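*Asks:* Generate a structure from the sequence data that follows.
(chains A and B)
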There are 2 protein chains.
Amino acid sequence: MSDHQDTLAWAYLSAVAEPPSTSVVRLIEAVGVREAARAVSTRRVPDGHHDVLRATAARSGYDGARGDLETAARMDGRLITPEDEEWPGWALHALTLSTTASRGGPPMALWVRGRGRLDTIVDRAAAIVGSRASSQYGEHVTSRLASGLAAAGRGVVSGGAYGIDGSAHRATLASDGATVAVLACGFDIDYPSGHERLFAEIVRTGVVVSEYAPGTSAARHRFLTRNRLVAALSKAVVVVEAGRRSGSLSTAAWAVKAGVPVGAVPGPVTSATSLGCHRMIRDGQAQLVMDADDVERLISPDGTDTGAVTRRPDERVLDDVQARVRDAIPGRGSATIAEIAFAAGIEVSRTRPALAMLETYGLVASDGSGWRLPAR
Amino acid sequence: MSDHQDTLAWAYLSAVAEPPSTSVVRLIEAVGVREAARAVSTRRVPDGHHDVLRATAARSGYDGARGDLETAARMDGRLITPEDEEWPGWALHALTLSTTASRGGPPMALWVRGRGRLDTIVDRAAAIVGSRASSQYGEHVTSRLASGLAAAGRGVVSGGAYGIDGSAHRATLASDGATVAVLACGFDIDYPSGHERLFAEIVRTGVVVSEYAPGTSAARHRFLTRNRLVAALSKAVVVVEAGRRSGSLSTAAWAVKAGVPVGAVPGPVTSATSLGCHRMIRDGQAQLVMDADDVERLISPDGTDTGAVTRRPDERVLDDVQARVRDAIPGRGSATIAEIAFAAGIEVSRTRPALAMLETYGLVASDGSGWRLPAR
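*Replies:* Alright, predicted model coming up:
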């Protein structure tokens, strides 16, 4: 029951402000999700959180949570949050570093459809994105790349659009790979409509994901916001074809901000759909990639990919929460997130991303049942 | 008469050792060209120059100088040496830095045909090179590039081969630009034979140049040696199409050694003739270039191209000869090369490249009639 109350609160808050809403995320972290939902709906927020009122002014009176959850259930979908195992916490952590940038914060929650498990797929996934107005050449290269990545055991993330995105999803499916479509609308909306059947195939093994509540329609600014999720959920972003002002250039820019390596595929210099790729390579914003092997090199330049970022920083770079969580890991054996959160005196929702970050640093290890200090 | 004796000596020496012969160049610098020719033909060389004997062992008994000069005269050609105004001394100076590398030294002399003036053309020229087995795409891009460079007042240097080279020469001529073909055989030999007419057109306004004496046939190692001249005679080297083992990759490698910026044109990743270009870009050996504007940026990244290298090094990098030549420039007015050479106590043949290098450093200036200190 209490879990269900939480879920209702998450669902309500996911629709009440335009994502990504840093102010609502902060409020949830401060008072918990149920109290945050109550505060927003009653318009009585704690001191220091009044920015929430403006972010939720337009929609706070409308509670579509039950209906949205029913829609999700009907479509075999689910709402995942930072408290769920499936939450790709460490992948999304990079977005917490860019909250000052416009539309740059982490998602509050994700609406997910499909039999694939989001966190597992994105743990080894690369994004392939590009122009909707793709050429035959671009689609051919996309198919080669996607099947090469699938053969190497990598999932392929893309935006579900016509053109390069669609080719990437299709070729991955054809190679029995896992693919993730990140939508700029509710996951119950087949946009573009011509991809209804494609989305139906994706969810059989992969995932369709959106930070927008069911029923939310696609809009221009949502494509740009969506692009940051494509970047964050990938170990590398590869742009296959991009015209002068292609949206995939924004995905590449998000990747740079999130520390995700960017590749671009060259093409004929006489082709307008390769212009964006060539400029990025020329100007040092992307590495030239020809094939899936080049993407592997992009992800692990020294050939030592572990499926996770392998930086191991000086411990001094840990923030307070990360340091407290690290200190709460038992010296012997392992502990659950709840145990660690309790020991650290930090909420589970903040403990999880801290653990994820510590894991990418190699300072903690996960053994399936819990977390422990890494083997020496 | 004395000049003619010099010319005969240069012609003899240019044929007596396989270029580039560092040992013969050193001997000429040490004892002058006529004494060097006498030493080689009589097999009596000064102490410290015995390496000359081996380099000239096979051909010292054959003096084709008169015949070669007659061939040149018949073809409206000429032999230019470091003592001639037309000698592109500063361009070739970079090769003196790489004499330890195989086949890396400067040419001893150059056999030149054509109404163009070599030093003037290469002062602002870029090289366009590439695969003989070029695609239609490659030839199209080459034509665009060459005419763009010609429109910007730049000459185009290439190797006179089929494929990309031929397209580069032709498009430059079609745009009324000056083009330089650097051959791997004597300039009296139309190799490849299908380019006989092309070479005849090049010499009407441009230059066909070779360091090989008339009658020398093309050979595999001469193509590689020739490539270093293409690189040195250019402000930038652009590779349009290159397969996995294209000779144009060696031109690019020479350019890197000589400090000449290298560009490569991308193409479809499905095209084997673009593989070499893509690898160079991917591995950081070449900048991606799409058009003539990109080549301009390659030559002068800050948009301040003066047609010459603009480095101005700390004076401590000057070698002894350069320092002595610099000190021999009069404080007021200008001096001829002969005057400066006399004042410095250094032969004219060594004074000229030193002046050229000092000019590129901005430490001396040429005013047409002579050399002076630069205006402050």
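*Asks:* what residues does chain A put near chain B?
*Replies:* Within chain A, the positions near chain B by Cβ under 8 Å from any Cβ of the partner chain are A:137, A:140-141, A:265-270, A:274-275, A:278, A:281-282, A:287-291, A:294. Just so you know, the C-beta spots here come from the backbone N, C-alpha and C atoms, and that holds for glycine as well.
*Asks:* at 6 Å what do you get?
*Replies:* A:137, A:141, A:266-269, A:278, A:281-282, A:288, A:290 (Cβ under 6 Å from any Cβ of the partner chain).
*Asks:* Out of those, which end up buried?
*Replies:* A:137, A:141, A:266-269, A:278, A:281-282, A:288, A:290 (16 or more other Cβ atoms under 10 Å in any protein chain shown).
*Asks:* ok, of the residues you listed, which one's closest to B:Gly333?
*Replies:* B:Gly333 has its nearest neighbour among these in A:Arg282, at 47.1 Å by Cβ to Cβ.
*Asks:* Which parts of the stretch 101-250 of chain A are helices?
*Replies:* In the stretch 101-250 of chain A, the helices defined using DSSP state H, counting those that start in this stretch lie at A:118-122, A:136-151, A:164-174, A:196-205, A:220-232, A:248-258.
*Asks:* Buried residues in the last one, which are they?
*Replies:* Within helix A:248-258, the residues that qualify as buried are A:248-255, A:257-258, counting by 16+ other Cβ under 10 Å.
*Asks:* could you dump the residues you listed to CSV with pLDDT?
*Replies:* Formatted as CSV, the buried residues of helix A:248-258 follow (pLDDT from 0 to 100):
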residue, pLDDT
A:Ser248, 94
A:Leu249, 93
A:Ser250, 93
A:Thr251, 96
A:Ala252, 95
A:Ala253, 92
A:Trp254, 92
A:Ala255, 94
A:Lys257, 87
A:Ala258, 87
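*Asks:* could you dump these to TSV with distance to B:Gly89?
*Replies:* Shown next, in TSV, are these (distance: Cβ to Cβ, whole Å):
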residue	distance to B:Gly89
A:Ser248	50
A:Leu249	46
A:Ser250	51
A:Thr251	51
A:Ala252	46
A:Ala253	47
A:Trp254	52
A:Ala255	49
A:Lys257	50
A:Ala258	52
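*Asks:* From the chain's centroid, how far away is the strand or helix carrying A:Arg326?
*Replies:* In this structure, A:Arg326 sits in helix A:320-328 according to DSSP states H and E. Chain-centre distance of helix A:320-328: 24 Å, with Cα atoms, centre = their mean, to the nearest Å.
*Asks:* Any buried residues in that helix, and which?
*Replies:* For helix A:320-328, burial by neighbour count (16+ other Cβ under 10 Å) applies to A:321-326, A:328.
*Asks:* what is the mean pLDDT for that helix?
*Replies:* Predicted confidence along helix A:320-328 averages 80 (mean pLDDT).
*Asks:* Please enumerate the strands of chain A.
*Replies:* All strands of chain A, identified by DSSP state E, fall at A:77-80, A:110-113, A:126-129, A:156-158, A:179-182, A:207-210, A:237-239, A:262-264, A:287-288, A:365-366, A:371-372.
*Asks:* Would you format these as CSV with distance to B:Pro192 and mean pLDDT included?
*Replies:* What follows is the strands of chain A, written out as CSV (distance: least, Cβ to Cβ, whole Å; pLDDT from 0 to 100):
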stretch, distance to B:Pro192, mean pLDDT
strand A:77-80, 66, 96
strand A:110-113, 63, 98
strand A:126-129, 43, 98
strand A:156-158, 47, 98
strand A:179-182, 51, 98
strand A:207-210, 58, 98
strand A:237-239, 40, 98
strand A:262-264, 37, 98
strand A:287-288, 32, 98
strand A:365-366, 65, 80
strand A:371-372, 70, 83
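*Asks:* Name all residues that make contact with the residue of the stretch 151-300 of chain A found nearest chain B.
*Replies:* Closest residue of the stretch 151-300 of chain A to chain B, Cβ to the nearest Cβ: A:Pro266 (3.3 Å). Taking Cβ atoms under 6 Å, 6 or more residues apart in numbering or on different chains, we find A:Pro266 in contact with A:288, B:266.
*Asks:* one more time with 8 Å
*Replies:* Neighbouring residues of A:Pro266 by Cβ atoms under 8 Å, 6 or more residues apart in numbering or on different chains: A:274, A:277-278, A:281, A:288, A:290, B:266-269, B:274, B:278, B:281, B:288.
*Asks:* next one: A:Gln285
*Replies:* Contacts of A:Gln285 (Cβ under 8 Å, 6+ apart): A:252, A:256, A:262, A:279.
*Asks:* Which residue of chain A lies farthest from its centroid?
*Replies:* For chain A, the residue at maximal distance from the C-alpha centroid (Cα atoms, centre = their mean) is A:Thr270, at 34.5 Å.
*Asks:* didn't that one look like it was pressed against B:Thr142?
*Replies:* No: using Cβ atoms under 8 Å as the test, A:Thr270 is too far from B:Thr142 to be in contact (12.0 Å).
*Asks:* pLDDT score assigned to A:Ser60?
*Replies:* On the pLDDT scale, A:Ser60 is placed at 88.
*Asks:* ok, it - how many residues close by?
*Replies:* Counted with other Cβ atoms under 10 Å in any protein chain shown, residues neighbouring A:Ser60 total 20.
*Asks:* Check the spacing between A:Arg332 and A:Gln322 real quick.
*Replies:* 21 Å (Cβ to Cβ, to the nearest Å).
*Asks:* Likewise for A:Ala286?
*Replies:* 31 Å.
*Asks:* With A:Ser41 instead?
*Replies:* According to Cβ to Cβ, A:Ser41 stands 33 Å off from A:Gln322.
*Asks:* For the residue of the stretch 151-300 of chain A closest to chain B, give its distance to B:Ala286.
*Replies:* Applying Cβ to Cβ, the value for A:Pro266 to B:Ala286 is 12 Å.
*Asks:* Could you do A:Leu149 as well?
*Replies:* Counting by Cβ to Cβ, the gap from A:Leu149 to B:Ala286 is 26 Å.
*Asks:* Equivalent analysis for A:Val265, please.
*Replies:* From A:Val265 over to B:Ala286 (counting by Cβ to Cβ), the distance is 17 Å.
*Asks:* hmm, back to that, and the buried residues of helix A:320-328, which is closest to chain B?
*Replies:* Set against chain B, the nearest of those by Cβ to the nearest Cβ is A:Gln322 (35.2 Å).
*Asks:* residue contacts, the closest one?
*Replies:* A:354, A:357-358.
*Asks:* Would you format these as TSV with neighbour count included?
*Replies:* Below are the contacts of A:Gln322 laid out as TSV (neighbours: other Cβ atoms under 10 Å in any protein chain shown):
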residue	neighbour count
A:Ala354	27
A:Met357	24
A:Leu358	22
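*Asks:* Okay, now the unreliable bits of chain A?
*Replies:* Scanning chain A for pLDDT under 70 picks out A:1-2, A:97-103, A:303-317, A:342, A:360-361, A:368, A:375-376.
*Asks:* What sits closest to A:Arg352 if chain neighbours are left out?
*Replies:* In space, and not counting its chain neighbours, A:Arg352 is closest to A:Gly89: 5.0 Å by Cβ to Cβ, 6 or more residues apart in numbering or on different chains.
*Asks:* Hmm, A:Thr351 and the one you found touching each other?
*Replies:* No: shown here, A:Gly89 and A:Thr351 do not form a contact pair, counting by Cβ under 8 Å, at 9.8 Å.
*Asks:* Tell me which of those two has more neighbours.
*Replies:* Between A:Gly89 and A:Thr351, A:Thr351 has the larger neighbour count (other Cβ under 10 Å), namely 28 against 21.
*Asks:* distance of the more buried one from chain B?
*Replies:* A:Thr351 sits 41 Å away from chain B, going by Cβ to the nearest Cβ, to the nearest Å.
*Asks:* residues contacting that residue?
*Replies:* A:321, A:325, A:337, A:340-341, A:344.
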